[in-house]
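**Q** Need a 3D model of the sequence below.
(chains A and B)
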Amino acid sequence: MAGLLKKKKRQEAEIPTASMADIAFLLLIFFLVTTTIDVDTGIGMTLPPKLEEDQEPPPVRERNMLKILVNAQGQVLIEDKLASIQQIREEVKKHITNNGVDPNYAESPQKAVVSIKTDCETSYNTYIQVLDEVWMAYFELWDAEARKLGYPNYNAYRATLGPDDENEIRKIIPAQISVAEPDC
Amino acid sequence: MASQHFKKKAETKQGIPTASLPDIIFMLLIFFMVSTVLRETTIQVRTILPRAEALTKIDQKRLLSYIYIGPHKKPDGRLGETRVQIDDALIDDLTLIRTIMYNKLLEQPKLIVSLRIDQDAKMKLVYDVQQELREANTLRINYSARPEAPSS
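**A** Here you go, the predicted structure:
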């Protein structure tokens, strides 16, 4: 009789935890379904700050400015010459890396400005295509610059930079794209 | 003798210990809870994003604020005229953008405005919105675009 009592006392009081996994699974599935892992991709730009009433835009010498005009039909004029969207990349690269050789192009990469002007009726798609080509020209030049420093490409170089480090490549070739207002 | 031996062996527990299973699941759960940003807006305009090649990723979702521009999706499924949407509301008076964006900028000084613009939108409207962003001093923008389809 005494032995039986002892046995009863030794029984451990356990909380059943088998269902905990199920509950956690349910929550997990809910968050799995609602999570959007994909990041927003796009073309980053910085708008020029608003000018004061009497302030004039900073002067840019004519030769340092590469003017790209896009009309409503998606036709492109580079420096008043008819061109295709595919030609933009080469023209921009020629403009930036001119280093004062050709008097029609920029004096130095630091001074080179690419100006894009669209029509009011130009579709956004055309505008992005033009902007994309200009950015790709810069990316290709940055890649070439990064290879000179011994990195496989520009992204590999940028990955080595800390948050406070100066980006040397972008100092040599700064991306200066200006988006002019359409007149309408 | 032999049969007794076998009997004893059969009495040992054969279950796999599952005590750590909830812990593992909880860890996954916490990861997803932290990384989830619930979609809180219903998009009332169609935004087919243009394709581009020079894309950069923005993984700091908390810095982002979206402006949607595109043809208005009517309840009967037809498309109306091009409208601007911020958060849940369609904007009629574009000058409201500067107030909305200025308030957002005060909350998040490193605000990036992601413009999700339909590829058929006209530059006039895009430009007007950009002017309002300049007024609000929210200068960091991002033209949202899809990656280029692999060319064959």
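**Q** Show me what the top strand by length along chain B is packed up against.
**A** As far as residue count goes, and with DSSP state E defining each element, the longest strand of chain B is strand B:64-73. Judged by 3 or more C-beta pairs under 8 Å, 6 or more residues apart in numbering or on different chains; DSSP states H and E, strand B:64-73 is in contact with strand B:79-86, helix B:96-107, strand B:112-117, helix B:123-136. Glycine gets a C-beta too; all of them are placed from N, C-alpha and C.
**Q** Tell me the gap between it and the middle of its chain.
**A** Relative to its chain's centre, strand B:64-73 lies at 13 Å (C-alpha atoms, centre = their mean, to the nearest Å).
**Q** That one versus helix B:123-136: what angle between them?
**A** Counting by axes from the mean of the first three to the mean of the last three C-alpha atoms, to 10 degrees, strand B:64-73 lies at 150 degrees to helix B:123-136.
**Q** Just the CA trace of strand B:64-73, in PDB.
**A** Extracted C-alpha coordinates of strand B:64-73, given in PDB (Å, rounded to 0.1, in the frame of the first residue of the first chain):
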ATOM      1  CA  LEU B  64       9.800  54.000 -49.300                       C
ATOM      2  CA  SER B  65       6.700  55.800 -50.000                       C
ATOM      3  CA  TYR B  66       4.800  55.100 -53.200                       C
ATOM      4  CA  ILE B  67       3.000  57.300 -55.700                       C
ATOM      5  CA  TYR B  68       0.900  55.400 -58.300                       C
ATOM      6  CA  ILE B  69       0.100  57.000 -61.600                       C
ATOM      7  CA  GLY B  70      -1.900  55.300 -64.200                       C
ATOM      8  CA  PRO B  71      -5.300  54.900 -65.800                       C
ATOM      9  CA  HIS B  72      -8.000  54.600 -63.200                       C
ATOM     10  CA  LYS B  73      -9.500  51.100 -62.900                       C
END
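**Q** Below-threshold pLDDT in chain A: ranges please.
**A** Residues of chain A meeting the criterion pLDDT under 70: A:1-10, A:36-38.
**Q** What segments of it are helices?
**A** Taking DSSP state H as the test, the helices found in chain A are A:2-9, A:18-34, A:85-96, A:124-148, A:154-159, A:168-172.
**Q** Please tabulate the ones you listed in a markdown table, including the columns distance to chain B and mean neighbour count.
**A** Putting the helices of chain A into a markdown table (distance: least, C-beta to the nearest C-beta, whole Å; neighbours: other C-beta atoms under 10 Å in any protein chain shown) gives the following:
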| stretch | distance to chain B | mean neighbour count |
| --- | --- | --- |
| helix A:2-9 | 18 | 7 |
| helix A:18-34 | 4 | 14 |
| helix A:85-96 | 10 | 19 |
| helix A:124-148 | 4 | 20 |
| helix A:154-159 | 10 | 16 |
| helix A:168-172 | 13 | 14 |
